[in-house]
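Participant: Sequence and predicted structure, then a few things I'm wondering about:
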2 protein chains.
Amino acid sequence: MSTAAIVVIGNEILSAKVVDENGPWLARELRSLGVDLRRIETVPDEVPVIVDSLKRALGSARWVFTSGGIGPTHDDVTVAAVAQCFGRRVVPDERILSSLRAHFGERLNAARRRLAEVPEGAAIDWCPGSLFPVISVENVAVLPGPPVLFREGFARIRDRYRAAPIFTRALYFNIGEGSLAEHLDAAVAEFPAVAIGSYPRFDDADYRVKVTFDGRDEDQVRRAAAFLRARIPPEAVLREE
Amino acid sequence: MSTAAIVVIGNEILSAKVVDENGPWLARELRSLGVDLRRIETVPDEVPVIVDSLKRALGSARWVFTSGGIGPTHDDVTVAAVAQCFGRRVVPDERILSSLRAHFGERLNAARRRLAEVPEGAAIDWCPGSLFPVISVENVAVLPGPPVLFREGFARIRDRYRAAPIFTRALYFNIGEGSLAEHLDAAVAEFPAVAIGSYPRFDDADYRVKVTFDGRDEDQVRRAAAFLRARIPPEAVLREE
């Protein structure tokens, strides 16, 4: 099964200085790749908490992505946490060091050298023109927090994650969940390979409930939607997508 | 210490059908109340995963909030998970039942009755005019997922969480983190009671790095910002907020 977990690292998100864009963006990317996202955890810049989160992510999903905590300052602790998670040392990577030397020349101080530190044995994927390669250790990919760098980094490794597609259909109803529930239960029982979700709206949307059908078997997804639709009065179904 | 954790429940967020608004919104509210948010976990509609997440949340923070998974359909499993987390039964609440009876009359079917199910001994806070009271068990508050109901529910219980304020200052620099890092290290060492964060930008923002200083002692926060500022050439400081 192609599953994933995201660990978002950053006090700035928990303290509401910044709204995380990377989690929702990567969720969309993974979905379009056919990868089943199992959890997103947002944690502070603290090594023990990040290590704990990484271990749980690795235990619950095949692929793990980290967002943030990469850089030369005291609050950039993701590399140390990933190394500790795998019981590896943090070592300078010679290829990153020489790229930093070429860029910074005499301005390559101790802080900037930290950008070359990786967990021992990490794989390095270069992004053309960028000082931030993607660092991977086993199935963990380490991506920088600034959204422009996060997206650039993921684009570099994206093809690694392509899986069987997830098909989806949606029905929109003008009746409430209380009227739909028994029919949803019947659909859930009849189509165990289809994930069925029911999402009510309480604002001024043009529907009251959206029901979604997700699965890797397109025929089953179609049949599950048709099964539910056949049990509901036609005038209560606004549209199917 | 006034600390909090948020458990966001919903396959629709992990499958990127919906972007979670409640986590970032509640992060802002908690911050303005002086509550230190320690983690946000987004998990699927699965009781064992939610129970595990709730236990971790309770172990890492004083206050826990859940978002989503409340309602009459098969994918609404938050009440069952909260009950299981505390080893309590799920029971009908007579006050909610009578409010549902008044609202639905003869249309009060089995599905709608599920709206009255709560963990045994739960506290109920009514929102005027709403069918969704806030259900609390010990320090866990259970809030519905639709943002309009989530905000209405939190408004009802907000005053419960007011704590000592968190003070913050920010400095904006036109130099990079590599030049600031050693001075940040000095500030971190000098002001252990102040949380210092460094946030670089790689887009077209008018600054290169924003450094934030957070703490409950306003004087320490001010002094930490002044300490860093004094170590940096004045022309590199764009502004202080």
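Facilitator: Now that the structure is in, tell me what you want to look at.
Participant: Okay, and the beta partners of A:K210?
Facilitator: A:Y172, A:Y199 (DSSP bridges).
Participant: burial of A:A225, as a residue count?
Facilitator: A:A225 has 23 neighbours, counted by other C-beta atoms under 10 Å in any protein chain shown. Every C-beta, even on glycine, is put in place using the N, C-alpha and C of the backbone.
Participant: so who does it touch?
Facilitator: Going by C-beta atoms under 8 Å, 6 or more residues apart in numbering or on different chains, A:A225 touches A:169, A:171, A:213, A:240.
Participant: Centre of the chain to the helix or strand the first one falls within, how far?
Facilitator: Per DSSP states H and E: A:R169 is located in strand A:167-173. Strand A:167-173 sits 23 Å away from the centroid of its parent chain (C-alpha atoms, centre = their mean, to the nearest Å).
Participant: what angle sits between the helix or strand just after that strand and strand A:167-173?
Facilitator: Later in the chain than strand A:167-173, the nearest helix or strand by DSSP H and E is helix A:177-190. Interaxial angle, helix A:177-190 versus strand A:167-173 (axes from the mean of the first three to the mean of the last three C-alpha atoms, to 10 degrees): 150 degrees.
Participant: near chain B at all, helix A:177-190?
Facilitator: Yes. Helix A:177-190 reaches chain B (C-beta under 8 Å from any C-beta of the partner chain) through A:177-182, A:184-185, A:188.
Participant: which stretches of chain A form helices?
Facilitator: All helices of chain A, identified by DSSP state H, fall at A:11-14, A:22-33, A:47-60, A:78-85, A:94-104, A:110-113, A:147-157, A:177-190, A:218-231.
Participant: For the fourth one, which helices and strands make contact with it?
Facilitator: Applying 3 or more C-beta pairs under 8 Å, 6 or more residues apart in numbering or on different chains; DSSP states H and E, one finds that helix A:78-85 contacts helix A:47-60, strand A:90-92, strand A:117-119, strand A:134-137, strand A:140-143.
Participant: Go ahead and name everything in contact with it.
Facilitator: Residues contacting helix A:78-85 (C-beta under 8 Å, 6+ apart): A:9, A:47, A:50-51, A:54-55, A:58, A:66, A:68-70, A:89-90, A:117-120, A:135, A:137, A:140, A:142.
Participant: before we move on, what about the fifth one?
Facilitator: Contacts of helix A:94-104 from elsewhere in the structure, counted by C-beta under 8 Å, 6+ apart, are A:108, A:112-113, A:115-116, A:118, A:124, A:131, A:133, B:178.
Participant: Apply 7 Å and report the result again.
Facilitator: Contacts with helix A:94-104, where a contact means C-beta atoms under 7 Å, 6 or more residues apart in numbering or on different chains, come from A:108, A:112, A:115-116, A:124, A:131, A:133.
Participant: Next up, the contacts around the closest residue to A:D36 other than its chain neighbours.
Facilitator: With sequence-adjacent residues excluded and distances taken as C-beta to C-beta, 6 or more residues apart in numbering or on different chains, A:D36 is closest to A:T3, at 4.8 Å. By C-beta under 7 Å, 6+ apart, the residues touching A:T3 are A:35-36, A:38, A:61-62.
Participant: mind checking which of the helices and strands packed on helix A:78-85 is nearest chain B?
Facilitator: Closest approach to chain B among those (C-beta to the nearest C-beta): helix A:47-60, 7.6 Å.
Participant: by contact count, what packs against that closest one?
Facilitator: Packing contacts for helix A:47-60, counted by 3 or more C-beta pairs under 7 Å, 6 or more residues apart in numbering or on different chains; DSSP states H and E, involve strand A:3-9, strand A:36-43, strand A:63-67, helix A:78-85.
Participant: Specify the angle between it and strand A:36-43 in degrees.
Facilitator: Relative orientation of helix A:47-60 and strand A:36-43, computed by the same axes, to 10 degrees: 170 degrees.
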